[in-house]
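In: kindly return the folded structure for what I paste below:
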Amino acid sequence: MRALLGSVLTGPMDERVRDQIVAETRGNPLALLELPRGLTAAELAGGFGLPGALSLPRRIEESFRRRIEALPTQTRLLLLAAAEPTGDPVLLWRAAGQLGIGAEAAGPAAEARLAEFGARVRFRHPLVRSAAYRSATLEERQQLHGALAKATDPAIDPDRRAWHRAHAASGPDEDVAAELERSADRVQARGGLAAAAAFLERATVLTPDPAQRAGRALAAAQAKVQAGGSDAALDLLAMAEAGPLSELQHARVDLARAQLAFATSRGSDAVPLLLQAAKQLEPIDAGLARATYLDAMIAANFAGRLAGPGADVLAVARAVGAAPPPLHAPGASGLLLNGLATHYNEGYAAALPILRRALIAFGSGMPADQELRWLSLAFAAAIHIWDDDRAEVLSKRYVERARKVGALVELPLALSRRVYVLLSAGELTAAATLVEEVQAATEATGTNFTPYAAMGLAALRGDEIEASALIEATLKDVPSRGEGLGITAAERANAVLNNALGHYQQAQAAAQRATVNDRELGFSNWALAELIEAATRSGISETAASAYRRLAEITSASGTDWALGVQARSHALLSEGEEAEDLYRQAIGRLGRTRARTELARAHLLYGEWLRRERRRADAREQLRTAHRMLEAMGTEAFAERARRELRATGETARKRTAATMVELTAREAQIARLARDGLSNPEIGTRLFLSPRTVQYHLRNVFTKLGISSRGQLYRVIPNGGAAVPPC
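Out: Residues are numbered from 1 along each chain as shown. Predicted coordinates for the structure are as follows:
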C-alpha cells in the first residue's frame with residue numbers, strides 16, 4: 001500500500017505521515033490513488049501543511065462539517081488530532097493535557113465514527129481530518145499547535161516541534177523563525193526540497209527584522225525554484241527585493257530569477273541573465289560565479305541554435321576563460337566547467353582529458369545539492385565524448401537524486417536523460433514507463449517541457465503517427481521559447497523514424513537540419529550517423545562523405561568502442577568490397593562490447609543489407625536474422641520490418657508480427673508477465689498489484705496465449721530483461 005501511494009506522489013514524504021495516510025484510507029487502492037491529486041509537493045511534503053490542504057467537494061465537506069459541529073463542545077480532541085498528521089497517541093494525549101482535555105473526550109468522536117483513539121489515532125478518512133482542521137478558527141488552530149509544540153520532545157523531533165511553534169505564533173517571532181531555519185536542512189532528508197522550502201517560507205513570514213527577512217525570503221525562493229513552486233518563488237523574490245540586501249544578496253536575487261526563467265521555459269531568455277549574474281558575482285564570490293557560469297552553460301546548450309547574439313555556448317566559454325582563475329584546485333564541477341570551456345575555446349581533443357577527469361570525479365564526496373544541480377550537464381558531456389559507461393552511471397544517479405529530494409524541476413529532465421540511455425540499450429519497455437513518469441512530473445510543476453523522451457521512444461519504435469505528431473508539436477512550440485536543442489532533438493527523431501521506415505530522402509533532409517549546429521552536446525552528433533545512412537541510401541555521396549568527416553573527427557579522438565563502432569559502421573556505408581566488410585565486422589565487434597544494443601542491431605541490419613546486394617544470400621540471412629531477432633525483441637517495429645523485408649528478398653520468410661502473432665499485451669498483462677518472469681508467485685503478484693490470485697492467473701493465461709507459450713518458465717526467454725515481449729520464432 002505504501003508503494004502504491006508512493007507511485008502517485010510528486011515528491012518525498014515523511015514515512016510516519018505516509019503510514020498514517022495508508023492507515024486512514026484503510027489501504028483502499030482507489031482512495032490512495034485519488035488522495036494526492038490536486039495537491040502540490042509542498043502541501044504533501046512531510047505532513048507539513050497537510051491537514052487543511054485537501055480540497056473537498058462542497059457536499060462532502062459540508063456533511064463532515066455538520067457531523068463534527070454536532071459533537072459536544074469539549075471534543076476539541078478531534079481538532080487537536082487533525083493538527084498532528086503522525087497519529088502519535090502519546091503526543092496527542094500529552095498535548096490534550098496541556099489544554100485540559102480528558103480521556104472522556106474521545107468517546108463522542110469514536111461513537112460518531114469519525115476517528116479512533118487507540119494504539120494509533122486514526123480518522124475515518126483523511127478527508128475527515130481535513131474537514132475537522134478547516135472547522136477550527138484561526139485562534140483555535142494557534143492554541144492547538146501551541147499545545148502540540150509544548151508536547152513535542154525537542155530532542156526527539158525538533159523539526160515537528162518547530163513547525164507546530166510556527167503555526168502557533170500569532171505574529172513575527174525571531175526565535176521561532178530561527179528554529180525553522182535550522183530545521184530546513186534536516187527536514188529536507190524526510191520531506192524533500194518542498195518541505196525545506198515550506199520551512200524557509202514560514203520562517204520568512206515570522207521574521208521581524210527586514211534584513212533577515214530578505215535573506216530568508218531569498219533562501220526560500222531558491223528552494224521553491226528547485227521544488228517546482230515557481231509562483232511562490234516569484235512572491236518570495238519580490239519580498240527579498242524589498243530588502244535591505246547586501247551586494248552579494250542582490251546578485252543572488254538576480255541569479256534566482258535567471259534560474260527560475262530557465263526552470264520554467266528551458267529557453268534562451270535565461271542565458272544573458274545567468275551571464276549577467278555571474279559577472280556580478282565575480283568580484284564578490286568567485287566560487288558562486290563559476291557555479292553560475294555552469295548554469296549558463298546548461299542554459300546555452302538548451303538555447304542552441306536559437307541563442308541570441310553573445311549568449312551562446314561560445315560566449316559562455318569566452319566569459320569563463322576571461323574570469324579570474326579559481327583559488328583552489330577544481331573539483332568535479334570545476335573540472336566540468338574547465339572541460340567545456342576548453343572544448344569551445346580550443347577544440348574537442350583538447351577537452352577530452354579534462355572532461356574524463358570531471359566525469360570520474362562526479363559523485364566522489366560531492367555535496368548532493370551541487371551534484372543534482374549539474375548532473376544534467378555531466379550526462380550531456382558523457383554522451384558528447386561517447387562514454388556509455390559514465391552515461392549509464394550518471395543517468396541513474398541523476399534520477400535517484402531528483403526523486404530522493406523531490407526536485408520536481410529537475411525530475412522530467414533526469415528521466416528524459418535516463419530514457420535515452422535505455423533507448424540506446426534497446427530497453428524500450430523500461431523507457432516507456434519513464435516516459436509516463438516524465439508526463440506526470442511535468443504536469444505536477446506546470447512547466448513547459450519538450451517531450452524529448454516520448455519523441456525519441458516513438459521514433460525508435462517506428463510509430464509514425466505518434467512520432468510525427470510529437471515532432472510537429474515540438475517544432476511548433478520550442479522556437480517561441482528559444483529552445484534550439486528541442487529543434488535538434490525533433491529533427492534527429494525525424495531522421496531516425498524515416499531511416500527506420502526506409503524513407504531515406506526525408507531522413508536525409510531531417511538529419512541535415514539536425515546537424516546545423518555542431519555546438520550542441522548530444523543530439524547533433526548522433527544525427528550525423530543518421531545523415532550518413534540516409535544520404536548513402538539516397539545516393540547523395542558528397543553529403544554523406546562530408547558528414548562522415550565531421551563524425552570521424554570526434555569519434556576518432558574519443559576512441560571509445562561506442563564511438564569507433566558507430567564510426568566504422570558509418571565508414572562502411574561509404575566503402576566497397578573487402579574494406580566495407582572489414583568495417584562492418586569492426587563495427588559489430590566494437591558495439592558488441594558496449595551497452596549500445598540498438599546501434600549493434602542496426603549494424604547487423606546494414607551489414608546484412610550490404611551482403612544481400614553483394615549477392616551473398618546465405619551470409620546475408622545470418623546477419624539479417626540476428627538483426628530481425630534483436631530489433632523485434634526491443635520493440636523497434638519499423639527497423640524490424642525493414643530487416644524482415646530484406647530477409648524476404650534473400651528468399652527467406654521471417655514471421656511477421658500480425659494481429660494474430662504480434663505481442664499486444666495490455667499494460668496490466670505486461671506488468672504481471674514481468675513479475676512472473678522474475679519468479680513471483682500468483683499470490684505475491686496479487687499482493688503487489690492489489691489483485692486476487694485468480695485474477696492474476698486469468699491475466700497470465702492471456703499472456704501465454706498471446707506469446708504462444710505454455711509455462712512461466714518460458715517467460716524469461718520471450719520477455720528479455722527490460723525488453724518487449726516477443727513470440728517464439
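In: count of neighbours near residue 500?
Out: Using other C-beta atoms under 10 Å, residue 500 has 25 neighbouring residues. Where C-beta positions appear, they are placed from N, C-alpha and C, glycine not excepted.
In: what's the helix or strand for it?
Out: helix 484-501 (DSSP states H and E).
In: helix, strand or coil for residue 477?
Out: helix (DSSP: H, G, I helix; E, B strand; the rest coil).
In: what pLDDT does it get?
Out: Listed pLDDT for residue 477 reads 91.
In: what about it, how many neighbours?
Out: When neighbours are defined as other C-beta under 10 Å, residue 477 has 15 of them.
In: quickly note the distance from it to residue 352.
Out: If you measure residue 477 against residue 352 using C-beta to C-beta, to the nearest Å, the figure is 35 Å.
In: swap in residue 504?
Out: Residue 504 sits 33 Å away from residue 352, going by C-beta to C-beta.
In: run the chain-centre distance for the biggest helix by length in the chain.
Out: Using DSSP state H, we find that the single longest helix of the chain is helix 174-206. In this view, helix 174-206 has its centroid 25 Å away from the chain centroid, taken as C-alpha atoms, centre = their mean, to the nearest Å.
In: quick check: buried residues in it?
Out: For helix 174-206, the buried set under the neighbour-count rule, 16 or more other C-beta atoms under 10 Å, comprises 176-181, 183-184, 187-206.
In: one more: stretch 569-587?
Out: 569-575, 580-581, 583-584, 586-587.
In: cool, stretch 595-615 as well?
Out: 595-612.
In: also stretch 435-454?
Out: Neighbour counts over stretch 435-454 (16+ other C-beta under 10 Å) mark 435, 437-439, 441-442, 444-445, 447, 449-454 as buried.
In: next: stretch 373-390.
Out: For stretch 373-390, by 16+ other C-beta under 10 Å, it's 373-388, 390.
In: of those residues, which belong to helices?
Out: 373-384, 388, 390.
In: out of the residues you listed, which two sit at the greatest distance?
Out: Largest separation among these by C-beta to C-beta: 373 and 388, giving 23.6 Å.
In: please tell me I have it right and residue 271 contacts residue 306.
Out: No: judged on C-beta atoms under 8 Å, residue 271 makes no contact with residue 306 at a distance of 10.1 Å.
In: more neighbours: which of these two?
Out: The neighbour count for residue 271 versus residue 306, taken as other C-beta under 10 Å, is higher for residue 271 (30 against 21).
In: nearest residue to the more buried one in space, ignoring adjacent ones along the chain?
Out: Distances taken as C-beta to C-beta, 6 or more residues apart in numbering put residue 311 closest to residue 271, at 4.1 Å, once the chain neighbours are dropped.
In: ramachandran angles for the one you found?
Out: For residue 311, the backbone dihedrals (degrees, to the nearest 10) come out as phi -130, psi 30.
In: packing partners for the helix or strand hosting residue 336?
Out: Counting by DSSP H and E, the element that carries residue 336 is helix 332-346. In terms of contacts (3 or more C-beta pairs under 8 Å, 6 or more residues apart in numbering; DSSP states H and E), helix 332-346 is packed against helix 286-303, helix 313-322, helix 348-361, helix 368-384.
In: average pLDDT across the second one?
Out: The predicted model gives helix 313-322 an average pLDDT of 93.
In: which other residues reach it?
Out: For helix 313-322, contacts defined as C-beta atoms under 8 Å, 6 or more residues apart in numbering pick out 271, 275, 278-279, 290, 293, 296-297, 300-301, 307, 337-338, 340-341, 343-345, 519.
In: isn't residue 270 right up against residue 261?
Out: Yes: with contacts counted by C-beta under 8 Å, residue 270 reaches residue 261, the gap being 4.3 Å.
In: those two - which one has more neighbours?
Out: Counted by other C-beta under 10 Å, residue 270 and residue 261 do not tie: residue 270 has more neighbours, with 27 against 21.
In: phi and psi next, for that one.
Out: Main-chain torsions, residue 270, degrees, to the nearest 10: phi -70, psi -30.
In: from residue 64, how far off is the nearest residue to residue 490 once chain neighbours are set aside?
Out: Spatially, and ignoring its direct neighbours in sequence, residue 490 is nearest to residue 474 (4.3 Å; C-beta to C-beta, 6+ apart). Distance of residue 474 to residue 64, given as C-beta to C-beta: 46 Å.
In: could you do residue 100 as well?
Out: 26 Å.
In: the two: which is more packed in?
Out: residue 64 (22 against 10).
In: the more buried one and residue 132 touch, don't they?
Out: Yes: at 7.5 Å, residue 64 and residue 132 qualify as touching, with contact defined as C-beta under 8 Å.
In: shared neighbours of the two, which are they?
Out: Residues touching both residue 64 and residue 132 (C-beta under 8 Å, 6+ apart): residue 114.
In: how is this structure divided into domains?
Out: Structural domains annotated on the chain: 2-151, 667-718, as defined by automatic domain parsing.
In: by mean pLDDT, show me the worst of those.
Out: For the domains of the chain, mean pLDDT drops lowest on domain 2-151, to a mean of 70.
In: ok, which stretches of the stretch 51-200 of the chain are helices?
Out: For the stretch 51-200 of the chain, the helices defined by DSSP state H, counting those that start in this stretch cover 58-69, 77-82, 89-98, 106-111, 126-135, 138-151, 158-168, 174-206.
In: how about these in JSON lines, adding distance to residue 217?
Out: Putting these into JSON lines (distance: least, C-beta to C-beta, whole Å) gives the following:
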{"stretch": "helix 58-69", "distance to residue 217": "33"}
{"stretch": "helix 77-82", "distance to residue 217": "30"}
{"stretch": "helix 89-98", "distance to residue 217": "31"}
{"stretch": "helix 106-111", "distance to residue 217": "40"}
{"stretch": "helix 126-135", "distance to residue 217": "27"}
{"stretch": "helix 138-151", "distance to residue 217": "23"}
{"stretch": "helix 158-168", "distance to residue 217": "15"}
{"stretch": "helix 174-206", "distance to residue 217": "5"}
